[in-house]
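[1] sequence? don't have it. structure:
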């Protein structure tokens with residue numbers, strides 16, 4: 001018997017033949033080329049599109065109707081539902097735009113109101129200054145009264161003192177002092193009944209006579225016990241002119257005292 005032997009060396013024997021996973025076309029005997037699994041060039045990203053509007057939706061719906069299966073057409077209920085959903089979204093978008101417009105309009109209105117209020121306040125201040133200026137002009141030549149203890153004597157020896165003795169009652173006394181602090185005259189004015197009162201210096205005899213100018217004074221009341229007590233005094237003098245400082249009227253009393261119009265407590269004829 002003739003026995004034939006076959007080479008049983010495996011094609012996958014690592015010591016003989018290296019395995020190859022390439023397949024061969026049995027028809028042509030050609031080996032297909034082996035290439036990269038990924039494309040050689042990367043696909044660029046899709047361009048971002050804006051939100052779908054009414055026109056885009058209608059175009060898409062028409063295309064859907066044209067390309068639907070004639071044997072299985074779109075359900076009318078589904079199409080109606082889609083239209084209803086789109087209509088609702090469209091209304092919400094329109095409402096949102098309208099609300100944004102209203103908010104912007106409200107902001108512009110608020111700014112306009114604020115600007116108007118500022119303008120009105122400025123005009124009101126200007127009007128108040130104008131009225132105050134007219135009132136100040138009307139006081140020139142009259143006796144102005146403010147807080148203090150000054151009096152002004154003119155060339156004829158006339159001057160005014162304004163006091164408030166409160167509850168003090170009894171004999172009153174005026175003491176005149178010059179700018180050096182020296183007492184230059186004193187006069188007894190008789191009985192006082194308390195409260196506010198005024199006295200004209202020209203009604204009393206001063207020895208020596210008071211020279212024209214600005215003085216300070218003190219008014220005292222002798223109570224029943226004979227003790228002299230000081231009463232509250234005011235500065236009084238004839239208003240000889242006025243000027244403006246920062247838009248506010250300043251009155252000139254006598255020849256040297258400047259008093260803002262707002263600080264006058266009284267104006268006498």
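    Looks like it came in fine. These numbers come from a predicted model, not from an experiment.
[2] Give me the distance between residue 194 and residue 209.
    Between residue 194 and residue 209 the distance is 30 Å, computed by CB to CB, to the nearest Å. C-beta: built from backbone N, CA, C; applies to glycine.
[3] Comparing those two, which residue is more hemmed in?
    residue 194 (14 against 10; other CB atoms under 10 Å).
[4] from memory the more buried one sits against residue 169, does it?
    Yes - counting by CB atoms under 8 Å, residue 194 touches residue 169, with 4.8 Å between them.
[5] Which strands and helices lie in contact with the longest strand belonging to the chain?
    The residue-count maximum for a strand in the chain (DSSP state E) belongs to strand 232-245. The contact analysis (3 or more CB pairs under 8 Å, 6 or more residues apart in numbering; DSSP states H and E) places strand 232-245 against helix 76-139, strand 143-147, strand 150-153, strand 160-164, strand 213-222, strand 248-253, strand 257-260, strand 266-268.
[6] Any regions of the chain where pLDDT drops low?
    1-54, 57, 69-71, 73-77, 79, 82, 225 (pLDDT under 70).
[7] mind redoing it with 50?
    1-12, 14, 16-23, 43, 45 (pLDDT under 50).
[8] center of it - which residue?
    Centrality entry for the chain: nearest residue to the mean C-alpha point is residue 114, 8.9 Å, by CA atoms, centre = their mean.
[9] Can you tell me how far that one is from residue 121?
    11 Å.
[10] for residue 180, same thing?
    Relative to residue 121, residue 180 is positioned 49 Å away (CB to CB).
[11] Who has more neighbours out of those two?
    Neighbour totals were compared for residue 180 and residue 121, and residue 121 leads with 10 against 6 (other CB under 10 Å).
[12] Would you mind measuring from the more buried one to residue 215?
    From residue 121 over to residue 215 the distance is 44 Å, taken as CB to CB.
[13] What of residue 98?
    According to CB to CB, residue 98 stands 78 Å off from residue 215.
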